[in-house]
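Chemist: heads up, no residue letters with this:
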């Protein structure tokens, strides 16, 4: 398996150059249907480091259309508590779809099918399973729970919200690996132009100036993990996916031009913030809100309160601490919401913490 890397900041031209170099046109024909799966985890523009640059997707669309392929859809399901339709609009995909006459599919509204893979029964949205060619377009980012989110984890947007909750109850890594076995991705185009090495929902963007393309999502994730100073074993779903036969962690890398080949150091901020709370089967959206609230609290010079609990694993339990999210309503102090916003969490902290003198 081979991976191709190109450096720069003009996503559309970069993608077209890489696809031409890889002779992608030889693998497609006009009769095929194509699904493009970006990362629109929430409604934030790509310069935040959270979402896929629409220019990267534009490069894919124009390349396909130049080779007679017109049955193209952009499909996504944003994370729990956020609106895919709003993300399509805010992130520039409504305008992109209108310009190139491609369909937008909100996978939160899609029908589902149940399949077996990796010893698990998985519920998957029907549309990404139905296309002839699924093109995965993740953002290279750190993640507060799995350390990396890229090709393999980006498929989580292809499952319904109820299944996303279950993945967290299952510990994320095993179901993510199984999903990659059940839902084949035929091409991976990683937006490494701007990412975030602290939070998966952006806010601390890092300019990495590269696009990474490959056919093997395990190889792509292994390479992208190495850019963050991580080994495949540091991100368990990569090794688990390899064991399931999804791909191989070893690959050849071709660089088409000169650029910064340096690795990036993920921020230790997320690791430090995690020390302030106890998590049990928590969803990423809920953890993300809490992380941002703790980050803002630290910026303000205040120490977070002690005894913070978050996650589905605390459902039905009672405690004397602070419960974050609907699953922790039995705690003395409770911030409602699924997920609660960072502001709601900060407001709750303000009622508990003494004022800063």
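Modeler: Noted; the coordinates are in hand. This structure is a prediction, so every number in the text was calculated from the model and none was measured.

Chemist: Just the buried positions in stretch 108-123, please.
Modeler: Of the residues in stretch 108-123, those buried under the neighbour-count criterion (16 or more other C-beta atoms under 10 Å) are 108, 110, 112, 115, 117, 118, 120, 122. All C-beta atoms are positioned from the backbone trio N, CA, C, and that covers glycine.

Chemist: Kindly report the same for stretch 24-43.
Modeler: 24, 28, 32, 34-43.

Chemist: quick one: which of those residues is nearest residue 138?
Modeler: Nearest to residue 138 among the buried residues of stretch 24-43: residue 39, at 4.9 Å, using C-beta to C-beta.

Chemist: Next up, phi/psi of that closest one, please.
Modeler: Recorded main-chain torsions at residue 39 are phi -110, psi 100, according to degrees, to the nearest 10.

Chemist: List the residues that contact it.
Modeler: Taking C-beta atoms under 8 Å, 6 or more residues apart in numbering, we find residue 39 in contact with 50, 51, 52, 76, 137, 138, 139, 141, 149, 154, 157, 191.

Chemist: do the same with residue 68
Modeler: Neighbour list for residue 68: 29, 30 [criterion: C-beta under 8 Å, 6+ apart].

Chemist: helix, strand or coil for it?
Modeler: coil (DSSP: H, G, I helix; E, B strand; the rest coil).

Chemist: and which of the buried residues of stretch 24-43 is nearest residue 322?
Modeler: Top of the list for closeness to residue 322, among these and by C-beta to C-beta, is residue 42 at 23.9 Å.

Chemist: per-residue confidence at that closest one?
Modeler: Predicted confidence (pLDDT) for residue 42: 90.

Chemist: what do you get for residue 261?
Modeler: If you check residue 261, the pLDDT there is 63.

Chemist: now do residue 25
Modeler: 97.

Chemist: Help me confirm that it comes into contact with residue 32.
Modeler: No: contact between residue 25 and residue 32 fails when scored by C-beta atoms under 8 Å: they sit 11.6 Å apart.

Chemist: Show me how far the helix or strand hosting residue 36 is from its chain's centre.
Modeler: Here residue 36 sits within strand 34-38, counting by DSSP states H and E. In this view, strand 34-38 has its centroid 14 Å away from the chain centroid, taken as C-alpha atoms, centre = their mean, to the nearest Å.

Chemist: partner strands of that strand, parallel or antiparallel?
Modeler: strand 72-76 (parallel), strand 133-137 (parallel) (DSSP bridges).

Chemist: Which among the ones you listed is found nearest to residue 2?
Modeler: Nearest to residue 2 among the strands paired with strand 34-38 is strand 133-137; the distance by C-beta to C-beta comes to 16.7 Å.

Chemist: if you average pLDDT over the closest one, what comes out?
Modeler: If you average the pLDDT over strand 133-137, you get 98.
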